[in-house]
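Novice: Got a predicted structure plus its sequence, pasted below:
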Amino acid sequence: HTRRGGEPLQIVARIAGTAVVCAFAWIPLWLALGARSERASALLALLGLRQASPGQHLRSSALACGLACLLLLGVFVDRAADALKTTTTKAQRRPWIGGGGRRLQDLRDYAAAPVAEEFVFRACMVPLLALGGLGGAAALSASSLIFGLAHAQHLAEFCASSTRRLRRDDLAAVGTQVAFTSVFGYLAGALFLATGSLAACVAAHVTCNLLGAPDFARLGAATAA
């Protein structure tokens, strides 16, 4: 559910910025653990970086990919309906993973963004909120809402870059994206608590990005109509 596009320098700056955030995001969770024996081991477990065997990571990741495909089943139906209405030549089709000028975008969409967002919003935030007394369900709800609202940045980017006035369907499109990413965030958080694997969450996120998100602009226009 990442948005394509962006200048190369802007993409590099964002990747570097997310790396810095990830470098410090685990510290509040470390402090919340307090002075205890095997503190480092407990931190790794809470971050979803320790499991009994690599096989568990693989099974959890496979389950995550399946759930992501199920979540985006509507995307397949929507695109199949469009394919019946229009004929697109091979040259007009956009490949899932591009080359040349799209390599930085692919690095962001299929590596940097999934790893960074899952590490911050799932591995660091969900356990921290739970340890803070919210409980599992409340921690999932709060973290998923924050995750969804973080994607409202696209509205600010639109206001800064567009020459036309903000329309109702623009607001509806951003609102739809916030709602979708919040739902994904809740499901990814539930997956994280169920499997204890950060790798599973990253696998689900990458799968969603590979499949492509729903057309938020069209959904927003339909909502605003």
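Specialist: Nice, I can see it. Being a predicted model, the structure only gives us computed values, none of them experimental. Numbers count the residues shown, from 1 in each chain.

Novice: Name the SS class of the residue in the chain sticking out farthest from the centre, please.
Specialist: What lies farthest from the middle of the chain is S37; by C-alpha atoms, centre = their mean that is 33.6 Å. What DSSP: H, G, I helix; E, B strand; the rest coil gives for S37 is coil.

Novice: Show the backbone phi and psi for it.
Specialist: phi -70, psi 150 (degrees, to the nearest 10).

Novice: Renumber starting at 49 from here on
Specialist: Sounds good: first residue 49 from here, last item S85.

Novice: what's the spacing between it and L176?
Specialist: S85 is 20 Å from L176, where distance means C-beta to C-beta, to the nearest Å. Every residue, glycine included, has its C-beta placed from N, CA and C.

Novice: Three-state assignment for G114, please.
Specialist: Per three-state DSSP, G114 ends up helix.

Novice: Quick check: it vs A227, distance?
Specialist: Counting by C-beta to C-beta - G114 and A227 are separated by 23 Å.

Novice: Can you show me the helices along the protein?
Specialist: 56-73, 75-81, 87-94, 102-119, 121-133, 151-155, 161-165, 173-177, 184-198, 201-209, 216-243, 246-259, 264-272 (DSSP state H).

Novice: Kindly reformat the ones you listed as a markdown table containing mean pLDDT and mean neighbour count.
Specialist: Output for the helices of the chain, formatted as a markdown table (pLDDT from 0 to 100; neighbours: other C-beta atoms under 10 Å):
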| stretch | mean pLDDT | mean neighbour count |
| --- | --- | --- |
| helix 56-73 | 92 | 13 |
| helix 75-81 | 94 | 14 |
| helix 87-94 | 92 | 14 |
| helix 102-119 | 85 | 16 |
| helix 121-133 | 69 | 11 |
| helix 151-155 | 88 | 16 |
| helix 161-165 | 96 | 21 |
| helix 173-177 | 96 | 23 |
| helix 184-198 | 93 | 18 |
| helix 201-209 | 66 | 12 |
| helix 216-243 | 87 | 20 |
| helix 246-259 | 92 | 23 |
| helix 264-272 | 54 | 17 |
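
Novice: wait, V174 sits on L239?
Specialist: No - V174 lies out of contact with L239 (C-beta atoms under 8 Å); the separation is 10.6 Å.

Novice: Would you agree A80 is in contact with L176?
Specialist: Yes - A80 lies in contact with L176 (C-beta under 8 Å); the separation is 5.9 Å.

Novice: burial count for E86?
Specialist: 10 (other C-beta atoms under 10 Å).

Novice: Got the phi and psi for it?
Specialist: Dihedral angles for E86 - degrees, to the nearest 10 - are phi 50, psi 50.

Novice: and the gap between it and S189?
Specialist: Distance from E86 to S189, by C-beta to C-beta: 30 Å.

Novice: Check F195 too.
Specialist: For F195 relative to S189 (C-beta to C-beta), the value is 11 Å.

Novice: C249 now?
Specialist: In terms of C-beta to C-beta, C249 sits 17 Å off from S189.

Novice: And for S230?
Specialist: According to C-beta to C-beta, S230 and S189 sit 9 Å apart.

Novice: Now the common contact residues for these two.
Specialist: Applying C-beta atoms under 8 Å, 6 or more residues apart in numbering, one finds that no residue jointly contacts S230 and S189.

Novice: can you pull the contacts of A171?
Specialist: 74, 94-97, 240, 246, 249.

Novice: what does A90 give?
Specialist: Contacts of A90 by C-beta under 8 Å, 6+ apart are 81, 84.
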